[in-house]
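Colleague: sequence unknown, structure follows:
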């Protein structure tokens, strides 16, 4: 009996190892560690002495056996999503994590507070990524900018199976805000050291605030069609993103951009992003993606053109 149990354990170990490291499109992954932890929570004491635990952040990490790069990657998902967005495509193909790990990068994938496995709480603002409080396929279908021949199952309609499956992972919880998310990302950097931040969509709103908390640990930022990609464009009816960042001189409370050479700009006495000095920034955007964001009111209609992609670059260069 003992020999049988030992054989079963050995067979199970081999099976687990084979499935854990099996190669997909990105190739076989050989890891030195894989796991998760919750970080950065705060506590609030109640009258009875109990503690409310707030704003924890779930971190999933995948570390290759033979790292090839000095700095790790931190992947920051978009609005209504979660870290699993980076793990695989809607039809089950290898995701970004696989390709980066296969190339020898240490990768940390987060669930921003109030998304995925990172809890929300009742004092947070209502999420704008849902419809009537439900996970709804309309927004996911609208945000799907891929051509129909690339999207699994054809056109990403509101009843497409892959759209439904992706919506199943969408957050319906109130979002606690980019300021909280930036603080938790900064805490992660305190633990793992300098890192490259890769952000998508609404994750940009969180990521662009991180240098103000922890500039020495931000090696660089790569942002794909990010919220705040043009820091001078108002977001969702709010003020321009740059008003939430540290500048010298500080921008006035009633700051509003002026049009110079066809682009929204700061004017003749621009504030400089003091905590961005020496941090490389890469912005990736498409006209199609900006048009979708304009339909959502994330950017205005004049931002949805090639000319205004150039305006994004002009705004960053001025700052």
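Modeller: The structure has been received and is ready for your questions. It should be emphasised that the depicted structure is a prediction, and the values quoted were computed from it without experimental measurement.

Colleague: where exactly do the helices run in the stretch 151-300 of the chain?
Modeller: 161-167, 178-192, 203-207, 210-214, 287-296 (DSSP state H, counting those that start in this stretch).

Colleague: Can you tell me which of the ones you listed is nearest to residue 121?
Modeller: helix 178-192 (10.2 Å; CB to CB). The C-beta positions use only the backbone N, C-alpha and C, and glycine is treated the same way.

Colleague: Isn't residue 85 up against residue 77?
Modeller: Yes. Using CB atoms under 8 Å, residue 85 is in contact with residue 77, at 4.8 Å.

Colleague: Return the per-residue confidence for the nearest residue to residue 209 once chain neighbours are set aside.
Modeller: Using CB to CB, 6 or more residues apart in numbering and skipping residues adjacent in sequence, the residue nearest residue 209 is residue 182, 3.6 Å away. pLDDT for residue 182: 97.

Colleague: My guess is residue 182 contacts residue 211. True?
Modeller: No. Using CB under 8 Å, residue 182 makes no contact with residue 211, being 9.1 Å away.

Colleague: Please identify the most buried of the helices of the stretch 151-300 of the chain.
Modeller: Highest mean neighbour count of the helices of the stretch 151-300 of the chain: helix 203-207, a mean of 28 (counted as mean count of other CB atoms under 10 Å).

Colleague: average pLDDT for that one?
Modeller: 95.

Colleague: Check stretch 25-44 too.
Modeller: 94.

Colleague: what does that stretch contact?
Modeller: Residues outside stretch 25-44 that contact it (CB atoms under 8 Å, 6 or more residues apart in numbering): 20-23, 51-66, 93-94, 98-99, 101-102, 118, 183-184, 187-188, 191.

Colleague: what's near enough to touch residue 264?
Modeller: Contacts of residue 264 (CB under 8 Å, 6+ apart): 230, 232-233, 257-258, 311, 315.

Colleague: Any stretches of the stretch 1-150 of the chain with poor pLDDT?
Modeller: 1-22, 126-133, 139, 142-149 (pLDDT under 70).

Colleague: ok, 50 please
Modeller: 1-2, 4-19 (pLDDT under 50).

Colleague: Okay, strands next: where are they in it?
Modeller: Counting by DSSP state E, counting those that start in this stretch, the stretch 1-150 of the chain has strands at residues 31-39, 42-45, 51-54, 57-64, 73-76, 107-111.

Colleague: Can you tell me how far the closest residue to residue 213 other than its chain neighbours is from residue 195?
Modeller: Excluding its sequence neighbours, the residue lying closest to residue 213 (CB to CB, 6+ apart) is residue 186, at 3.8 Å. Residue 186 is 11 Å from residue 195, where distance means CB to CB, to the nearest Å.

Colleague: shared neighbours of these two, which are they?
Modeller: residue 217.

Colleague: surely residue 280 meets residue 223?
Modeller: No. Taking CB under 8 Å as the definition, residue 280 is not a contact partner of residue 223, at 11.5 Å.

Colleague: If you count surrounding residues, which of the two has more?
Modeller: Taking other CB atoms under 10 Å, residue 280 and residue 223 do not tie; residue 223 has more neighbours (23 against 11).

Colleague: Surely the more buried one is in contact with residue 312?
Modeller: No. Using CB under 8 Å, residue 223 makes no contact with residue 312, being 10.3 Å away.
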